[in-house]
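>>> Here you go, sequence then predicted model.
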Amino acid sequence: MRVVLVGYMASGKSSVGRLLAKELGLEFIDLDAYIEEQQKKSIKTIFSEKGEIFFRKLEHEMLGKVLDEHQDLILSTGGGTPCYGNNMETILEKSDHSIYLQLSIPALVERIKGEKEDRPLVKNIKDEDLSEFIGKHLFERRQYYAQAKHVFECDGKNLETVVYEIKQLL
Ligand code: S3P
């Protein structure tokens, strides 16, 4: 079974994916970590040295490769993965379950505030401007996330609850 988690930055894709995989006894891959290993560079460095377009091409290639090479896995994607090229179609075609971890704008702002440094797309946004930035960004991206087979509401839920409830969907 292939399960793909999508959603905005800081929506918990990696933590949920890791715990879900552990509980289901499946392999877990975090697409960002996979790209970092492959390139031997952090996402932050790839963005600053080669730019976003280079990263998006790499992300597209690696998404296809990981899904083709694993029959059984939990894959957490990057916040932008479903929103470029035909990536969302690939996710829908090659997964048994795709899950959008949905969080409200205020909840995302709270989480992202303290974690901007390693996130190239938000690192220069002032805390007081985050809400407006995320609101606009999410408006563009939601149309991709919302194509997932399951839209899963995460506001106010802890990690264990999210994982428990997702297991009921599978
Ligand atoms: C990005 C999200 C990041 C990472 C890159 C771009 C985005 O992943 O892929 O910085 O476009 O939203 P996370 O969602 O894990 O932060």
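Received the coordinates, thanks. Numbers count the residues shown, from 1 in each chain.
>>> and residue 48, helix, strand or coil?
helix (DSSP: H, G, I helix; E, B strand; the rest coil).
>>> now it, nearest residue through space, not along the chain?
Among residues not flanking residue 48 along the chain, residue 120 sits closest, at 7.2 Å (C-beta to C-beta, 6 or more residues apart in numbering). Heads up, the C-betas are built off the backbone N, CA and C, glycines and all.
>>> helix/strand/coil for the one you found?
coil.
>>> need the contact list for it.
43, 44, 47, 48, 52 (C-beta atoms under 8 Å, 6 or more residues apart in numbering).
>>> Could you give the number of residues near the first one?
This points to residue 43. By the criterion of other C-beta atoms under 10 Å, residue 43 has 19 neighbours.
>>> again with the fourth one
Here the neighbour count serves as a burial measure; for residue 48 (other C-beta under 10 Å) it reads 11.
>>> Also the third one?
Using other C-beta under 10 Å, residue 47 is surrounded by 17 other residues.
>>> any residues touching the biggest helix by length in the chain, and which ones?
The longest helix of the chain (DSSP state H) is helix 52-69. Here helix 52-69 makes contact (C-beta under 8 Å, 6+ apart) with 2, 4, 29, 31, 34-35, 38-39, 43, 46-47, 73, 75, 77-78, 80-81, 84-85, 87, 90-91, 94-95, 120.
>>> now with 10 Å?
With C-beta atoms under 10 Å, 6 or more residues apart in numbering as the contact definition, helix 52-69 has outside contacts at 2, 4, 29, 31-32, 34-35, 38-39, 43, 46-47, 50, 73, 75, 77-78, 80-87, 90-91, 93-95, 120-121.
>>> Report the backbone C-alpha coordinates of that helix in CSV.
Extracted C-alpha coordinates of helix 52-69, given in CSV (Å, rounded to 0.1, in the frame of the first residue of the first chain):
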residue,chain,number,x,y,z
GLU,A,52,13.8,27.1,-6.8
ILE,A,53,13.4,26.0,-10.4
PHE,A,54,16.3,23.5,-10.1
PHE,A,55,14.7,22.3,-6.8
ARG,A,56,11.3,21.8,-8.4
LYS,A,57,12.7,19.7,-11.3
LEU,A,58,14.6,17.6,-8.8
GLU,A,59,11.5,17.2,-6.6
HIS,A,60,9.4,16.2,-9.7
GLU,A,61,12.0,13.5,-10.7
MET,A,62,12.4,12.2,-7.2
LEU,A,63,8.7,12.0,-6.6
GLY,A,64,8.3,9.7,-9.6
LYS,A,65,11.3,7.6,-8.7
VAL,A,66,10.3,7.0,-5.1
LEU,A,67,6.8,6.0,-6.1
ASP,A,68,7.9,3.7,-8.9
GLU,A,69,10.5,2.0,-6.7
